[in-house]
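Enquirer: Any chance you can model this:
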Amino acid sequence: MDENTYQKLADDGRQYLDREFKLMKFNLASRLGQLVGLLILAVVVTMLCMLMLVFAGICVAGWLSTYMASYWAYLIVIGVYVLLVVLLIALRNVLLIRPIEHIAAGVVLGQAMKGDISDQMMNLRHESEVHHELVNQDIHAIREDLNRPFGLMSMLHYLPTVFTIGASIWPVLSKLVHHRK
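Expert: Reported below is the predicted structural model:
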C-alpha cells in the first residue's frame with residue numbers, strides 16, 4: 001500500500017467517525033427533547049390533578065357537612081388525603097419510580113423496555129465485563145506473540161545491535177564493492 005491509500009483510509013475513517021458523532025448528537029438531542037417534553041407534560045398533569053383533588057375535597061367536605069359538623073367533614077377529607085400520601089410513599093417504587101424509569105429508558109434508548117430495568121442493567125454490566133475480559137485476553141495474546149522468539153518485539157530488541165554491526169562492517173563492504181569495480 002502506498003501513502004495515498006493510507007491517507008484515503010484515514011480521511012474516510014475521519015469522515016465516518018464525524019458523521020457517526022453528528023448522528024449521535026442529533027439522536028441525543030431528539031431523545032432529550034422527548035424526555036423534557038414528557039417531564040413538562042407530567043408536571044402540568046400533576047398540577048391539574050392537584051387542583052382537581054383540592055376542589056373535589058372541598059365538594060366532599062361540603063357534602064359531608066350536611067350530615068355532620070363541617071369541621072369533622074374537613075378532617076375526614078384531610079384524613080383521606082393523609083392516607084393517600086402514606087400509600088403513595090409506601091408504593092412509590094411500583095407506582096412512580098419503575099414506570100418513570102421505563103418511560104425515560106424508552107425515550108433515551110428509542111425502544112420499549114421489557115422487564116425490570118435494574119435486571120437489564122445488571123445483565124449489561126455482566127456482558128460488558130465479559131467483553132472486557134475477552135479484550136484483555138486478546139491483548140495478552142498479541143503481547144505474547146510479539147515477544148516470542150523471532151517476533152516483532154524481539155526483532156526490534158536486536159535492531160540496535162544489527163545497526164551497530166552494519167555500521168561497523170559498512171566501510172569494509174563498501175571498499176570491497178568499490179574495489180571489484
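Enquirer: Helices of the chain, start to end?
Expert: Remark: helices assigned in the chain by DSSP state H are 3-64, 70-90, 92, 98-109, 117-147, 152-180.
Enquirer: Let me know which of the ones you listed is tucked in deepest.
Expert: helix 98-109 (a mean of 15; mean count of other CB atoms under 10 Å). Glycine gets a C-beta too; all of them are placed from N, C-alpha and C.
Enquirer: how far off helix 117-147 does that one point, in degrees?
Expert: 40 degrees (axes from the mean of the first three to the mean of the last three CA atoms, to 10 degrees).
Enquirer: Mean pLDDT added to the helices of the chain, as CSV?
Expert: Listed next are the helices of the chain as CSV, based on pLDDT from 0 to 100:
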stretch, mean pLDDT
helix 3-64, 82
helix 70-90, 92
helix 92, 84
helix 98-109, 74
helix 117-147, 71
helix 152-180, 63
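Enquirer: and the gap between residue 77 and residue 47?
Expert: Residue 77 sits 20 Å away from residue 47 when distances are taken as CB to CB, to the nearest Å.
Enquirer: what do you get for residue 83?
Expert: 22 Å.
Enquirer: Same question for residue 85.
Expert: Residue 85 is 17 Å from residue 47, by CB to CB.
Enquirer: Please apply the same query to residue 61.
Expert: Distance from residue 61 to residue 47, by CB to CB: 21 Å.
Enquirer: can you check residue 13 too?
Expert: Residue 13 sits 51 Å away from residue 47, going by CB to CB.
Enquirer: just residue 14 next, same as before
Expert: Distance from residue 14 to residue 47, by CB to CB: 49 Å.
Enquirer: what's the answer for residue 28, then?
Expert: 29 Å.
Enquirer: now swap in residue 16 and tell me
Expert: Counting by CB to CB - residue 16 and residue 47 are separated by 47 Å.
Enquirer: what residues are up against residue 53?
Expert: Neighbouring residues of residue 53 by CB atoms under 8 Å, 6 or more residues apart in numbering: residue 81.
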